[in-house]
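Colleague: Generate a structure from the sequence data that follows.
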Amino acid sequence: MSGSSTSEDAVLVEAADGVLVVTINRPRVRNAVNRAVAEGVAAAMDRLDADPQLRAGILTGAGGFFCAGMDLKAFGTGERPSVEGRGFAGLVERPPTTPLIAAVEGPALGGGMEIVLACDLVVAARSAVFGLPEVKRGLIAAGGGLLRLSGRVPHHRAMEIALLGDRFSAVDAHGFGMVNRLVAEGEALATARDLAARIAANGPLAVAATKQVLAAGWSADAAGFARQADLAMSVRTSADAAEGARAFLEKRSPRWTGR
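Modeller: Below is the predicted model:
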């Protein structure tokens, strides 16, 4: 892994129809993460959360690769591929509050898989491969891989992935629930755009509150219901909730205002 880039060309950003598409753009090094990538992704995540017109995001990689993890050559020269407050790749410690979809083609290994695990939905080509090989290098997957993995896949499968460090296919990942949509090679981004458009068509306040509850992982006990109550009330009494009911009765698409 080698090379250096500025944040402007290491990450490409495109906004259209309420969806922000963020592309790691270092295919020569399989989109390995250096400081420029981390800064570019962090800036894109800040934009995704700050712009009320953006209702969903997609994170993908250029050139048929998702991400091969940390750029070891850049790291060896003293670069740190993280951003304060968001962590590795400008993402893993604080993902956006707006829903984020990973569109995976090719390898998503090490830190690349940790980026995937930080996303809310995953679309993967059948030819994509995943893995947390850190133990093979005497390291641990400290970029959220170990913290998130057991919440994404069954316990014993998580142990196998983390302790063996072997690669596994997108077909396997789909089979045990880590991947939402399994698609033909080259179709991951298009499918992710479709999912993002469907999210963007829903009430923005309801989507934000729904993600907040799910991401918090509250238990279905009295404390969990109490925490959820304030969020539910703020959504239920919003102008958007009233608009949703009107649109249903009038058999038309709702016109959301985010209020």
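
Colleague: Show me the shaky parts of the stretch 101-250 of the chain.
Modeller: Scanning the stretch 101-250 of the chain for pLDDT under 70 picks out nothing.

Colleague: how about a cut-off of 90?
Modeller: By pLDDT under 90, the low-scoring segments of the stretch 101-250 of the chain are 217.

Colleague: all strands for it, in order.
Modeller: Along the stretch 101-250 of the chain, the stretches classed as strands by DSSP state E, counting those that start in this stretch are 107-109, 121-125, 129-131, 168-169, 181-183.

Colleague: quick one: which of those is nearest Leu48?
Modeller: With CB to CB as the measure, strand 121-125 is the member of the strands of the stretch 101-250 of the chain nearest Leu48 (14.5 Å). Placement of C-beta: from N, CA and C, glycine included.

Colleague: gap between that closest one and the chain center?
Modeller: Centre-to-centre, strand 121-125 and its host chain are 10 Å apart (CA atoms, centre = their mean, to the nearest Å).

Colleague: Please apply the same query to stretch 12-23.
Modeller: For stretch 12-23 - counting by CA atoms, centre = their mean - the centre lies 14 Å from the chain centre.

Colleague: which outside residues touch that stretch?
Modeller: Contact partners of stretch 12-23, identified using CB atoms under 8 Å, 6 or more residues apart in numbering, comprise 11, 25, 40-41, 44-45, 47-48, 51, 53-62, 189, 193, 196-197, 200.

Colleague: Mind doing that once more with 7 Å?
Modeller: Stretch 12-23 is contacted by residues 11, 25, 41, 44, 47-48, 53-62, 193, 196-197, 200 when judged by CB atoms under 7 Å, 6 or more residues apart in numbering.

Colleague: Report the buried members of those residues.
Modeller: Buried members of those, scored by 16 or more other CB atoms under 10 Å, are 11, 25, 41, 44, 47-48, 54-62, 193, 196, 200.

Colleague: circling back to that earlier point, I'd like the list of the contacts of stretch 12-23 that fall within strands, please.
Modeller: When DSSP state E is applied, the contacts of stretch 12-23 are split such that Val11, Ala56, Gly57, Ile58, Leu59, Thr60, Gly61 fall in strands.

Colleague: Including distance to Ala245 and pLDDT, could the residues you listed go into TSV?
Modeller: Formatted as TSV, those follow (distance: CB to CB, whole Å; pLDDT from 0 to 100):
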residue	distance to Ala245	pLDDT
Val11	40	97
Ala56	23	98
Gly57	28	98
Ile58	30	98
Leu59	34	98
Thr60	36	98
Gly61	41	98
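
Colleague: And the residues you listed, which is closest to Ala206?
Modeller: Nearest member of the ones in strands among the contacts of stretch 12-23 to Ala206, counting by CB to CB, is Ala56, at 13.4 Å.
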